[in-house]
Structure formats: structure tokens, C-alpha cells
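What would the 3D arrangement of this be:
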Amino acid sequence: MRIGIIGLGRIGAFHAGNLAALDAVDELVVTDVISGVAERVAATLDAVVVADSIHQLLRSGVDGVVISASTATHLPLLRAAVSAGVPAFCEKPIAEDPYAAGDLIEQVASSGVPVQIGFPRRFDPAFRSAKSAFDAGELGWLTTVRSTTLDPSPPPAAYIAGSGGIFRDCAIHDLDAVRWATGREVVEVYAVGSNRGGAFFAESDDVDTASALLTFDDGTLGVISNTRYNGQGYDVRLELHGSQGSMAAGLDEGLPLRSADPSVSFPAGPAHTFFMDRFATAFRNELATFVEVAAGRQQSPCTVTDGLEASWIAEACTRSWREHRPVRLDEVRPTQPA
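Residues are numbered from 1 along each chain as shown. Take a look at the predicted model:
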């Protein structure tokens, strides 16, 4: 198969390496709007062709395309791929403004072009094991689901300025994870945030630490925790607490958390420090799945509807934080996803 990649920044270059290692991928076709970037990535891999433009790439006979360019380009690039009839993998979020993507679900459905949205936690072995245990009834009914993303240090100020805020950029992974793990829809959120770190967060109308309390349609409660300043390391966990049992993903030897009990040696370390290391297996599984989706051998495991729903929850959290009140999803979502 020939797979295209649009955008060869940090995550795009990482995806290129993972795709090149797949037996099913014979050749990559890559492009980037910044001169020389695609050529530098191509020089590090075998069987890579550099396309002069996005249009050329989409018309070059690729069997699928990975969209890993900047957030502002996701929606127009996804529309272009669907219009060209090219199966697409698109990084989150689908759009800076989900309201601009109002007709995207219908466009994708009517085209018949498969689309997969990039939420790698769905492909992490521990996350999948926790979900499987719940789905099998081992945990009973859920009382609480907790999802945590604690970054060891913040990204650059320029990134924060264009990120859309912590709920749209960081917490969106947690919001998708809890919705996926529970199989339920969020109906109401209450979110808070604070700034005790760099001034550039407040200057960008953002916060460096945030939490959200979610209410699901069956009464399950969700707790989301995020920060850009977790000095111990990169801490990502999913906890499912049920009436008959509890299970957690992320309680491995790299957990960046110390026990206050001197008799406890867990975790042994070293602590996770970067998302590409923590989720290396998940990223490989995610792209291997997309290749199967592009080949027509599997249905998309993370659809446009899924991607937009995570964005609507992030919108509700952002509004809740700014207005200091609970926000129902039907306040922000124009209509229920199809």
C-alpha cells in the first residue's frame, strides 16, 4: 500500500517512522508546507516519495492519507481527502471550531470514504484491557471513571497561544477515553482551572491546571485531571471504579508517583517523561489499524462522530470554566451526532 502523510512536524515524522515499519506499507508519499521538512524526513527512511503539494499527494494514487499538520488545517485537509476519495487518518481535534464541522458527518457518510480520528489511548494495551474487563461485566456498574493527563513541563508559549486551550488540546484525550471506555455519553460538565506557572497561559486566555467533573447519561460520574507542571514525570491513567471491582491503566513501573509508605517500593521507575515513549505501542497499533481501515478490511474504530463528540465536551468544559457554572452538552452541541 501507498500511504500519504501531510505534515512532517514532531508527530508527523514519528508517524512516518511507524508507518514505514509496517509490512503492509510499501511506500510513503509525504509533503509539508515548510520547505525542506519533507525532504529531511524522507532522507531518514526507505521508499519515501516527496510530493510538491497537498493536491499532488492526494492525486498520486495513495491508498490512504495521514493528516498530521497544524490544528487549523485539519478540517480543510480532511474535507479535501474525503472529496478526493482517499481514506483519511486525522489527528485530533477535527477542527479548531467544531461548529465549522457541522456538516462533516454527513459529508463523510455520503462519500463512503473511511475516516479514523487520532486518539491513541484507545489502542494502548492497558486501556483496552480495562475497557474489556468492564464490557465483560467484571466490574459491575460504574460509579466513577477517572482520567488523568499530567505533563511534566509545558509546551512553548507559541504552541499554547494556538492550542485552543487546555480542554481542547490536552483534556480532549481524557474526554474521548472516558466516553470510549464507558460506552456512555456525557450530559453535563463542571470545570475549573488555575494558573500558578508561566504568565503566557493567562496571556493566551488559558490555564495550566484544570479539572472537570462529568455526569454521564446513566449517572456514572467522571473526573478529569490535567496539568502542564507535573515535575515527577508524564502521568496518564484511566481508572474504572465499579460496584463489583476496580481497574486502572497506567499503574506500571514508569508511573511518576511516589508512595508515602516507606515499605512500598512500587513503582521502580524510571518514570515516564514523554507521550511518545509512554504510548509507543499505542501509536503503532493505531496506525496499523488505519492501514486495515484504508484497505477496507476493518471499520473505523474512531469515527468523525467520535472525534466531534470529544470536541463538544471540550467546548462545554471551556464554557463551564469561563462562566463558573455547570454546562449541559445540549447547550453547546447544535444537534445530536448522527
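
need the contact list for the most centrally placed residue in the chain.
In the chain, the residue lying closest to the centroid (Cα atoms, centre = their mean) is Phe119, at 3.4 Å. Residues in contact with Phe119, defined by Cβ atoms under 8 Å, 6 or more residues apart in numbering, are Lys92, His173, Asp176, Ala177, Trp180, Cys302, Asp306, Gly307, Ala310. To be clear about C-beta, it is placed using only N, CA and C from the backbone, and glycine gets the same treatment.

can you put the residues you listed in JSON lines and add distance to Met276?
JSON lines is the format used below for the contacts of Phe119 (distance: Cβ to Cβ, whole Å):
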{"residue": "Lys92", "distance to Met276": "15"}
{"residue": "His173", "distance to Met276": "14"}
{"residue": "Asp176", "distance to Met276": "18"}
{"residue": "Ala177", "distance to Met276": "18"}
{"residue": "Trp180", "distance to Met276": "21"}
{"residue": "Cys302", "distance to Met276": "19"}
{"residue": "Asp306", "distance to Met276": "23"}
{"residue": "Gly307", "distance to Met276": "21"}
{"residue": "Ala310", "distance to Met276": "21"}
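
Among these, name the ones in helices.
For the contacts of Phe119, the ones inside helices are His173, Asp176, Ala177, Trp180, Asp306, Gly307, Ala310, with DSSP state H as the criterion.

Produce a PyMOL select command limited to the buried residues of these.
Listed next is the PyMOL selection for buried residues among the ones in helices among the contacts of Phe119, using 16 or more other Cβ atoms under 10 Å:
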select buried, resi 173+176+177+180+306+307+310
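
from the ones in helices among the contacts of Phe119, which single one is nearest Ala199?
His173 (25.6 Å; Cβ to Cβ).

still on that earlier bit, which one of the contacts of Phe119 is nearest Gly162?
Lys92 (14.6 Å).

circling back: wait, which of the ones in helices among the contacts of Phe119 is closest to Gly198?
His173 (21.6 Å).

who touches the closest one in this structure?
So His173 contacts Lys92, Phe119, Arg121, Ser147, Thr149 (Cβ under 8 Å, 6+ apart).

returning to that earlier point: pLDDT for the ones in helices among the contacts of Phe119 - can I get that in TSV?
Output for the ones in helices among the contacts of Phe119, formatted as TSV (pLDDT from 0 to 100):
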residue	pLDDT
His173	98
Asp176	98
Ala177	98
Trp180	98
Asp306	97
Gly307	97
Ala310	97
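
List phi and psi for the residue nearest to the centre of the chain.
phi -130, psi 90 (degrees, to the nearest 10).

and what of the one 4 residues further on?
Backbone torsions of Phe123, given as degrees, to the nearest 10, read phi -110, psi 0.

ok, now how distant is it from Ala249?
From Phe123 across to Ala249, the span is 12 Å (Cβ to Cβ, to the nearest Å).
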